[in-house]
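**Student:** Fold the following.
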Amino acid sequence: MRAVKKKRVPPQEIDMTPYVDVIMLILTFFILTAQFKAELAEDIQVQLPSSGNDTTKLPERNVMTLVVNKFGDIFVDVDNINVREDVIGDAIGLAAYHPDSTTQPGWTNPANLNEKGELKRPIVAFNDREKFKKLLIDFRLSSKNITGKDLRIVVKGDKDADIGTIQDLMDILKETKNTRFSFVTDLEQGNKE
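**Tutor:** As a prediction, this is how the structure comes out:
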């Protein structure tokens, strides 16, 4: 009996060029649409107070963050690099204000500095209350001009911060017509059994 010959099938080749093109298009899309945020909390360590069970989601874009630390310093940052550079002249800088003229600002305290004697981000200090108020207004105006949207304000206060500093900040926000803002707190943990 004769052996059955198997029919030889030519190997199938898959052209990978279209797949590579699609992957490159997707990668380009994500690179162009991604927004990178400068980390505000790297230099400013605050322990947030605890609160109830409110889980309101904070805004992710067009945010102006005001941080009050335990030394009575108020730091201001915006998430848009172009707005920050337009207002304070530094793309990674951090605006700071110390309302109490009888004490030293916390950012000059050697305990808060790294081994080189500086913070991770440069500080643009404001010593005058009126200049600080103008800064808050300029941030909002610049955001409207650059992005076409108003900034949403988020306030983070250290639980050991002086209540007088918080009251000064609230007065400044009221005087600059920034009456809508969110306070950031830590959620209280329930009893664990």
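
**Student:** Pull the contacting residues for residue 14.
**Tutor:** Neighbouring residues of residue 14 by C-beta atoms under 8 Å, 6 or more residues apart in numbering: there are none. Any C-beta I mention is one placed from the backbone N, CA and C, and that applies to glycine too.

**Student:** show me where the protein has helices.
**Tutor:** For the chain, helices defined by DSSP state H occupy the ranges 17-33, 81-88, 129-146, 163-175.

**Student:** Serialize those to TSV and add fields for distance to residue 57, mean neighbour count and mean pLDDT.
**Tutor:** Formatted as TSV, these follow (distance: least, C-beta to C-beta, whole Å; neighbours: other C-beta atoms under 10 Å; pLDDT from 0 to 100):
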stretch	distance to residue 57	mean neighbour count	mean pLDDT
helix 17-33	21	9	89
helix 81-88	22	19	87
helix 129-146	20	17	90
helix 163-175	21	15	88
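
**Student:** Quick check, residue 172 in contact with residue 134.
**Tutor:** No - using C-beta atoms under 8 Å as the test, residue 172 is too far from residue 134 to be in contact (10.8 Å).

**Student:** wait, isn't residue 154 in contact with residue 62?
**Tutor:** No - applying C-beta under 8 Å as the test, residue 154 and residue 62 come out as separate, 10.9 Å apart.

**Student:** any weak-confidence spans in this protein?
**Tutor:** 1, 35-56, 109-119, 186-193 (pLDDT under 70).

**Student:** change it to 90
**Tutor:** 1-19, 29-129, 132, 136, 143, 146-170, 173, 176-193 (pLDDT under 90).

**Student:** all strands for this structure, in order.
**Tutor:** For the chain, the strands defined by DSSP state E cover 50-51, 63-68, 74-78, 94-97, 123-126, 152-157, 181-184, 186-187.

**Student:** For residue 13, which of these is the nearest?
**Tutor:** strand 63-68 (51.7 Å; C-beta to C-beta).

**Student:** Pairing partners for that closest one, with directions?
**Tutor:** strand 74-78 (antiparallel), strand 152-157 (parallel) (DSSP bridges).

**Student:** Show me which residues of it are buried.
**Tutor:** For strand 63-68, burial by neighbour count (16 or more other C-beta atoms under 10 Å) applies to 63-68.

**Student:** how many neighbours does residue 121 have?
**Tutor:** For residue 121, the count of nearby residues is 18 (other C-beta atoms under 10 Å).

**Student:** pretty sure it is touching residue 94, no?
**Tutor:** Yes - contact criterion C-beta under 8 Å: residue 121 and residue 94 qualify, at 4.8 Å.

**Student:** before we move on, back to that, save the helices of the chain as a markdown table, and put in distance to residue 2 too.
**Tutor:** Converted to a markdown table, the helices of the chain look like this (distance: least, C-beta to C-beta, whole Å):
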| stretch | distance to residue 2 |
| --- | --- |
| helix 17-33 | 44 |
| helix 81-88 | 79 |
| helix 129-146 | 83 |
| helix 163-175 | 96 |
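
**Student:** gap between residue 174 and residue 133?
**Tutor:** From residue 174 across to residue 133, the span is 10 Å (C-beta to C-beta, to the nearest Å).
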